[in-house]
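>>> task: produce atomic coordinates for the following.
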Amino acid sequence: MTTVPSTIAEKLHVLREQIPPHVTLVAVSKTKPVEMLAEALDAGHCDLGENRVQELAAKAAHFETSNVRWHHIGHLQTNKVKQVVPHAHLIHAVDSMRLLEEIDKRSAALGKVSDVLIQLHIAQESQKHGFQSDELERTLNALAKTPLEHVRIRGFMGMATFTDDTAQVGREFRVLRQAFDQWNPGEWDTCSMGMSGDWTIAIDEGSTMVRIGSAIFGSR
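Residues are numbered from 1 along each chain as shown. As a prediction, this is how the structure comes out:
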């Protein structure tokens, strides 16, 4: 009889056995109490994802002496960048040149270089954020001519359409991976795609980072 994992440590262990070694697992801890995050840390998992700026800052202060790698995974407004930059190991959803420039500015003030992912719009849902292909080309060409000194692009990220059509989800992830391969100057290492409901499809299509919350911490 198969034992259903019940603790956070057990759930993380099961996921690690299923996820290839080259794929980073970001445990999405948004809305979850610090006690649950502590369980993940005690289990040896350090990559935690938050999408609310104030919540990230508060949790970062709580775990100030730990080795957490904080991932800001949600849509980020330019007026909130200064609250994220001091804590973020990786800023995932950069969807405009203006946001890139603000991250560069705030990072320069702290004397650090911020790692970021460029978000591409790959879903059919218009409410999802991200660069369109023509806008992406203009932005990357502009950055190639005039690089930002305090921002380091690590790759792309995107979210597929919320649908039961797995073939469509696979096609959308494939578009993201193809764009990553096309534009990668050689040093990018992250193609972030896949969440709790579609991470297996994402890995099949070339994801190197998945963002999983409910399968670890339970539903919200």
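>>> strands of the protein, residue ranges please.
Ranges of strands within the chain are 24-28, 47-50, 69-72, 88-94, 114-119, 151-157, 190-192, 209-212, based on DSSP state E.
>>> count of residues packed around the closest residue in space to residue 194 that isn't next to it in sequence?
Distance criterion CB to CB, 6 or more residues apart in numbering; nearest residue to residue 194, sequence neighbours excluded, is residue 202 at 2.7 Å. Every C-beta, even on glycine, is put in place using the N, C-alpha and C of the backbone. Other residues within reach of residue 202, judged by other CB atoms under 10 Å, total 28.
>>> could you do residue 87 as well?
18.
>>> OK, contacts around the closest residue to it other than its chain neighbours?
Leaving aside its chain neighbours, residue 87 sits nearest to residue 60 (4.1 Å; criterion: CB to CB, 6+ apart). Shown in contact with residue 60 (CB atoms under 8 Å, 6 or more residues apart in numbering): 68, 70, 86-87.
>>> need the residues that contact the longest helix seen in the chain.
Longest helix in the chain, counting residues (DSSP state H): helix 166-183. Helix 166-183 has contacts (CB under 8 Å, 6+ apart) with 120, 122-124, 133, 136, 140, 155-158, 160-161, 163, 188, 191, 193-194, 198, 201-202, 204-207.
>>> filter these to the buried ones?
120, 122-123, 136, 155-158, 160, 188, 191, 193-194, 198, 201-202, 205-207 (16 or more other CB atoms under 10 Å).
>>> low-confidence ranges, this protein, go.
Scanning the chain for pLDDT under 70 picks out 1-4, 125-127, 220.
>>> contacts only, for the residue nearest in space to the middle of it.
What sits nearest the mean C-alpha location of the chain, by CA atoms, centre = their mean, is residue 92, with 4.2 Å. Residue 92 makes contact with 49, 71-74, 116-117, 119, 157, 192, 211, according to CB under 8 Å, 6+ apart.
>>> now do it against residue 106, distance only.
Look at residue 92 and residue 106: by CB to CB, to the nearest Å, they are 16 Å apart.
>>> now do stretch 208-218: distance to the chain's middle.
Using CA atoms, centre = their mean, to the nearest Å, the distance from the centre of stretch 208-218 to the centre of the chain it belongs to is 11 Å.
>>> quick one: terminal-to-terminal distance for that stretch?
23 Å (CA to CA, to the nearest Å).
>>> so which bits of that stretch are buried?
Those would be 208-213, 215-217, for stretch 208-218 by 16+ other CB under 10 Å.
>>> output those residues as a markdown table; include the columns distance to residue 183.
Listed next are the buried residues of stretch 208-218 as a markdown table, based on distance: CB to CB, whole Å:
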| residue | distance to residue 183 |
| --- | --- |
| 208 | 15 |
| 209 | 17 |
| 210 | 21 |
| 211 | 21 |
| 212 | 26 |
| 213 | 28 |
| 215 | 31 |
| 216 | 31 |
| 217 | 33 |
